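Asker: Structure, please.
(chains A and B)
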2 protein chains.
Amino acid sequence: MSTQPPAVLTIAGSDSSGGAGIQADLKTFAAYECYGTSAITALTAQNTTGVQGVHPAPPAFVAQQIRSVLGDISVRAIKTGMLYDADITHAVVEALRGGFNGSLPPSLVCDPVCVATSGHSLLDPEAIDVLVTELFPLARLITPNKSEAELLLSHHGLPSGITSLEGMVAAAKNLAQFGSGAVLLKGGHVSATLGDVDRVSRADSTITVIRHGLLGDNMEILQVGVERTFPKRLVVDVLCEQGGVSLFVRPFIDSTSTHGTGCTLSAAIASELAHGKDLKKAVQNAVAYTHHGIETAYPIGAGHGPLNHFHSMSPRSIHRPTKDNRHPFTKKLIQGNAGEWKEYVEHEFVKLLGQGTLPRGPFIHFIKQDYIYLKYYARAYALLAAKSSTFTAIESATTTILNVISEIATHKSFCNTFGITNEELEDTPEAPATTAYGAYLIDVGLQGDSTKLLMALLACLLGYGEVGLWLKKQASLPNTWVHIEGNPYKKWMDDYGGEHYQGAVKLGLELIEARALQDPPSQMRFEEWRHVWERCTRLERGFWDAAMAAA
Amino acid sequence: MSTQPPAVLTIAGSDSSGGAGIQADLKTFAAYECYGTSAITALTAQNTTGVQGVHPAPPAFVAQQIRSVLGDISVRAIKTGMLYDADITHAVVEALRGGFNGSLPPSLVCDPVCVATSGHSLLDPEAIDVLVTELFPLARLITPNKSEAELLLSHHGLPSGITSLEGMVAAAKNLAQFGSGAVLLKGGHVSATLGDVDRVSRADSTITVIRHGLLGDNMEILQVGVERTFPKRLVVDVLCEQGGVSLFVRPFIDSTSTHGTGCTLSAAIASELAHGKDLKKAVQNAVAYTHHGIETAYPIGAGHGPLNHFHSMSPRSIHRPTKDNRHPFTKKLIQGNAGEWKEYVEHEFVKLLGQGTLPRGPFIHFIKQDYIYLKYYARAYALLAAKSSTFTAIESATTTILNVISEIATHKSFCNTFGITNEELEDTPEAPATTAYGAYLIDVGLQGDSTKLLMALLACLLGYGEVGLWLKKQASLPNTWVHIEGNPYKKWMDDYGGEHYQGAVKLGLELIEARALQDPPSQMRFEEWRHVWERCTRLERGFWDAAMAAA
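Answerer: Predicted coordinates:
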């Protein structure tokens, strides 16, 4: 019924405090609507103030976790984080090679974690060789920060010491020689300004600058009252791939909520790749996701707190439809005022009608007022047509108007069988219950959008459908109280329980379910729709109350 | 700016395949907008077909993880899952006692995991005594399934063998003697029907039945074409607490996506408790959450797949505002068509006006057409008032109309200074660009809801605000191209850059940001709003193009 989330695997350490490691990765995958799996390389006991202990897993057990996942679940991307030591790194490489029969793993993002934000060393120096010679060649991207880049470069006797944007670009190019598909050198620990970006990009025309809106160009109205220091400190991430170098530019956020930033960024890139984005777009989006994660973080713990991984998600008010629950929206509307709904669809009027004992007076009152109501109903559909955006929607609303008009003839002859002449029908004084309901439809149509109007129109359509089916079901039970044969209201029951009317009910249901799925309402908007539904439910009940009172 | 998510701790095993253990727990916490932390008792290498290996953590290291979390983060609820053996269980108990100085931990939900869905044994038999005597007394709730309940009862020499709903109620009452605050005996493996529920609840008036809408009463219209077998198989969870017994009734779902159901349910209950719900409501909601998780599951893996933990979440189109980003919605609207926006607010007309070199012809055309436009603008605000739901909103729209009307006098005198008489102003033929923009406002007002109309009205308000501030900022730069002294359009610049107009801009910004926060739009609805914004941006540009062409 909806898109299957792509599966993603993280191979990394566990952070008990939930802000980094596989916990940050799984949270990021979830925020990206990916299905998260994990192979844990080492347990850490840590919190926002530091690492209190590390317990590595046996290398063979790390490999076993990877095999368990890859042997059963088709992962679309993989990220590696803290690999702890040379043996575990080697075991990971072997398990990845085995899992894809020697082919390159899909979209492997390698975050070469060596040192935690807190300064705690997270990778055995002996592991660096294994990382570079065995794992990097399998990777689509490696994502070192300044310290990791310097460590990797100096370990290989290359110039390290990154202090400027020029230095970052040179380092990224050097790191690209290590065999990975591309390098993202993260700029969080290197100060840069717009002047630096301009200078570096002017000096080399193959460099692309991606500012992607985070800097707020042409938004003076949003800067009123904001203290601004110039030159503003920026974070510039440098992507070096075959096609050239890209600079991703964003404002630096002065925040302590940065625990797990690197884990989060690489997990976000892996998620983007799992969704099929190309690398540059993946990095651009993942950088923005991480930026907003820091910006929207809640204070947690006494030290460097975690990002807010779920800034991009909100609770949905209605489930997606499934095989077993094809109408989650309508179900929730009905459940939302179950008591009122029951009093409407199982109204005394309906029960007496089913028994065939409803006096003629109330029924005559009802069908005369119904005639007046149908005029409001047709006009409300005309308003719906006027509020529609597509020819399909305009046609659908118009068809309903024409159906109502053609049923008017049937309604008149039906009224005639109860002794009501056409003149009497036309001269019927409008009852307050009819005005209330009819004018409410028009008011909703004026006030809200087309979906809100549909809520009002469908409470009527679906309610009569429910009444029709309920009577039909009661009639089918053993020792039923419903009388079909000789019941003066048989035709009315047959009409609403019948195929023609139920076909319209089905279309109506499909229409509002599709609306709710395409344009899922916020809690507040759902509550507005539910309120319209409830009002109509009460107005329908009031319509029958008025008929009963007219006895 | 928004509510801090409560922190929750899970103490359980790790499931590499992501469907059970701490992974299921962290996913559930996230879906419940809780902040998830974890202490891992044992690593498992597993997938949807079974468990391929288990690597327990040293008991002292499990305790250390718990201490790291509790020592830094205030958790509002805790759940325990697989505790593996007696030593780890004991270490957990000690760490929990230490973490709360001997007081009861907050809302501890203990899922006494003994056997996995796949049949794999997950708890050392010797651990059962420690579980019962040490951990249960700390727990607000224990959540055994049928097998676990039978194991616990028979281990203590009590009648086990649960085969009926009566048996479940009796077993739950016996388990309640084990020292926990309450018992939830899960019914997934005991068949029950509505008949059973009626019989059991009729026999004991202290039993409450909670059907909570999942059964679909009064929803015949939603059952059309659905195959129904009677008596329908139900799942009944039995909650036994001090106040009495409650039965939570829902339809059984015939699904293989049940891996991690128990973990998920207990994590969901802990999350509900962390949000302050009372136990009965917590169980009711958590049961529904878990039910929908199974119902909406995607197929993952070859065996028993995981639930869909994020059925209750959807991507949000706009971030929450933060200290550093107070206008995320407006920012996204502007970014959504940055190019068009720039061409509007930095229009040639505006540049020439700032330089003081704009010929009088275009300016006169502009202020005459602006007069006509303001009539549409006032009418559109009248439509906004008519579409409002609160007196505050009606007042706000009406105040704007009155402001426009009072500015008309100023506008007339301003026009007079450019030699335009009042008669000439009234007789101005309406230019097509004016009709396009004005009639578009009215059309949006007719077609959509009040928020959509606000989008159209604010593109004008905010755009002129941006123009005013942009000119002001340019004027303040060294060697500026803007001329203030002797500029014939100085008053116009002063007005739009001035305090009075910018005050209206600020109110407008706050209004739409508040709307977007209270009623977060779906991706589709945001796109509709962005489209209105873009149309108005183009229409504004067209308005100035027309003025320039009138030279």
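Asker: Please identify the helix or strand for A:Val238.
Answerer: Per DSSP states H and E, A:Val238 falls inside strand A:234-241.
Asker: Parallel or antiparallel, list what pairs with the helix or strand that that strand is followed by.
Answerer: Later in the chain than strand A:234-241, the nearest helix or strand by DSSP H and E is strand A:244-251. Here strand A:244-251 is paired, per DSSP bridges, with strand A:207-210 (parallel), strand A:234-241 (antiparallel).
Asker: Kindly reformat those strands as JSON lines containing mean neighbour count and mean pLDDT.
Answerer: Where C-beta positions appear, they are placed from N, C-alpha and C, glycine not excepted. Formatted as JSON lines, the strands paired with strand A:244-251 follow (neighbours: other C-beta atoms under 10 Å in any protein chain shown; pLDDT from 0 to 100):
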{"stretch": "strand A:207-210", "mean neighbour count": "16", "mean pLDDT": "94"}
{"stretch": "strand A:234-241", "mean neighbour count": "24", "mean pLDDT": "96"}
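Asker: what about the strands in chain A?
Answerer: With DSSP state E as the criterion, chain A has strands at A:7-15, A:35-47, A:50-56, A:75-80, A:108-110, A:141-142, A:183-185, A:207-210, A:234-241, A:244-251, A:313-315.
Asker: out of the strands paired with strand A:244-251, nearest to A:Asp198?
Answerer: strand A:207-210 (8.5 Å; C-beta to C-beta).
Asker: which residues touch that closest one?
Answerer: A:169, A:197, A:200-201, A:244-249, A:280, A:284 (C-beta atoms under 8 Å, 6 or more residues apart in numbering or on different chains).
Asker: can you tell me how far A:Ala439 sits from chain B?
Answerer: 14 Å (C-beta to the nearest C-beta, to the nearest Å).
Asker: Give me the pLDDT value at the residue lying closest to that residue once chain neighbours are set aside.
Answerer: Nearest residue to A:Ala439, sequence neighbours excluded (C-beta to C-beta, 6 or more residues apart in numbering or on different chains): A:Tyr376, at 7.2 Å. For A:Tyr376, the pLDDT comes out at 98.
Asker: Surely A:Tyr376 touches A:Gly438?
Answerer: Yes - A:Tyr376 is within contact range of A:Gly438, at 3.0 Å (criterion: C-beta atoms under 8 Å).
Asker: Pick out whichever of the two has more residues nearby.
Answerer: A:Gly438 (21 against 18; other C-beta atoms under 10 Å in any protein chain shown).
Asker: OK, contacts around that one?
Answerer: So A:Gly438 contacts A:372-373, A:375-377 (C-beta under 8 Å, 6+ apart).
Asker: Now the residue positioned nearest the centre of chain A: closest residue in space that isn't a chain neighbour?
Answerer: For chain A, A:Met313 is the residue whose C-alpha lies nearest the centre (C-alpha atoms, centre = their mean; 6.5 Å). Nearest residue to A:Met313, sequence neighbours excluded (C-beta to C-beta, 6+ apart): B:Met313, at 4.6 Å.
Asker: any chance you could map the helices in the stretch 401-550 of chain A?
Answerer: Along the stretch 401-550 of chain A, counting by DSSP state H, counting those that start in this stretch, helices occupy A:422-426, A:432-447, A:450-476, A:490-497, A:499-518, A:523-549.
Asker: would you list those helices in CSV and tack on distance to B:Asn416 and mean pLDDT?
Answerer: Formatted as CSV, the helices of the stretch 401-550 of chain A follow (distance: least, C-beta to C-beta, whole Å; pLDDT from 0 to 100):
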stretch, distance to B:Asn416, mean pLDDT
helix A:422-426, 59, 95
helix A:432-447, 39, 98
helix A:450-476, 45, 95
helix A:490-497, 68, 95
helix A:499-518, 52, 94
helix A:523-549, 48, 96
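Asker: Return the most buried member of these.
Answerer: Mean neighbours per residue, mean count of other C-beta atoms under 10 Å in any protein chain shown, is largest over the helices of the stretch 401-550 of chain A for helix A:450-476, with a mean of 22.
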